[in-house]
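# My questions are about this predicted structure, shown below with the sequence.
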Amino acid sequence: MLFNSQFLKTILEGFSDNLCAHSRNVCYLSVKVAEQAGFDKQQIKTLAIGALLHDIGKSCIDEGLINKPGKLTQEEFSMIRQHTSLGATIINSFENCEDYLPIILYHHERWDGKGYYGLQGEDIPELAGIVSVVDAFDAMTSPRPYQKIKTITEALKELQNHKGLQFSPHLVDVFEISMLNIIKDINTVDFYQEISRLIDE
Ligand SMILES: [Fe+2]
């Protein structure tokens, strides 16, 4: 198995700090969504690896352009769009990588068919559809030079507003349930940590 955790760690270490953090967040949240949706172990593994690699093509594009504040020109936008095909070309140079390619190629498809390659609705590979929802959420809730950061509530509302347009309605709903569970878990952990700090110190 070529794409083991050590190899993936090495790839992530070659990313910029922003791309590394984004890839890890998208991987973590995508897996939570797939678990919530009842995907099997093999699909979840494929998703985890594909999500870590989904934006690998961006490592070939000038970081100044990726983080450019303000509106992009047509030419700049088309350069950024190439990160999906560049990423697929990079990963395609490895053996046994075909399961990850749909995630890398199609994570910018839209439910209404107005995405990068024009795939629509159920034709969009479901693992790529999960990454698409999670990718948008992480982009909205992470600091970026070109936007005001959104709260979790604002970002979830934004996803709901784009249900059936940009995103699969089903996957947005599953994502929301997954997020609520994650928040619940985090609250539980924080609560007991707080109790132990108060009692044990
Ligand atoms: Fe992307």
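All right, it came through fine. Numbers count the residues shown, from 1 in each chain.
# List phi and psi for Phe167.
Main-chain torsions, Phe167, degrees, to the nearest 10: phi -120, psi 160.
# And for it, nearest residue in space, chain neighbours not counted?
In this structure, Phe167 finds its nearest non-sequential neighbour in Val133, 5.1 Å apart by CB to CB, 6 or more residues apart in numbering. In short, each C-beta sits where N, CA and C put it, glycine included.
# Mind picking out the helix or strand in this structure with the poorest mean pLDDT?
Within the chain, confidence by mean pLDDT, DSSP states H and E is lowest for helix 169-200 among all helices and strands, at a mean of 79.
# just to revisit the earlier point, tell me the pLDDT at the residue nearest to Phe167?
Listed pLDDT for Val133 reads 98.
# Who are the packing partners of the helix or strand Ala136 falls within?
If you go by DSSP states H and E, Ala136 is part of helix 126-141. Helices and strands touching helix 126-141, by 3 or more CB pairs under 8 Å, 6 or more residues apart in numbering; DSSP states H and E, are helix 17-37, helix 41-53, helix 101-106, helix 152-161, helix 169-200.
# which one of those is the most hemmed in?
Using mean count of other CB atoms under 10 Å, the stretch among those with the largest mean neighbour count is helix 101-106, at a mean of 23.
# can you tell me which residues contact Leu24?
Check again: residue 24 is Arg, not Leu. Neighbour list for Arg24: 12, 52 [criterion: CB atoms under 8 Å, 6 or more residues apart in numbering].
# Find me the pLDDT at it, would you?
pLDDT, Arg24: 94.
# do Ala34 as well
With respect to pLDDT, Ala34 has a value of 96.
# Pretty sure it sits against Lys45.
No: applying CB atoms under 8 Å as the test, Ala34 and Lys45 come out as separate, 9.8 Å apart.
# distance between the ends of stretch 59-67?
When the termini of stretch 59-67 are compared using CA to CA, to the nearest Å, they are 12 Å apart.
# can you list contacts of it?
By CB under 8 Å, 6+ apart, the residues outside stretch 59-67 that reach it are 14-16, 18-19, 58, 72, 76, 79-80, 82-83, 86, 90, 144-146.
# Not counting its neighbours along the chain, what's nearest Ala139?
Once flanking residues are discounted, Ala139 sits nearest to His22: 7.5 Å by CB to CB, 6+ apart.
# contacting residues for the closest residue to Pro102 other than its chain neighbours?
Closest residue to Pro102 apart from its sequence neighbours, by CB to CB, 6+ apart: Pro125 at 4.0 Å. Going by CB under 8 Å, 6+ apart, Pro125 touches 102-103, 106.
# I am finished for the moment; much appreciated.
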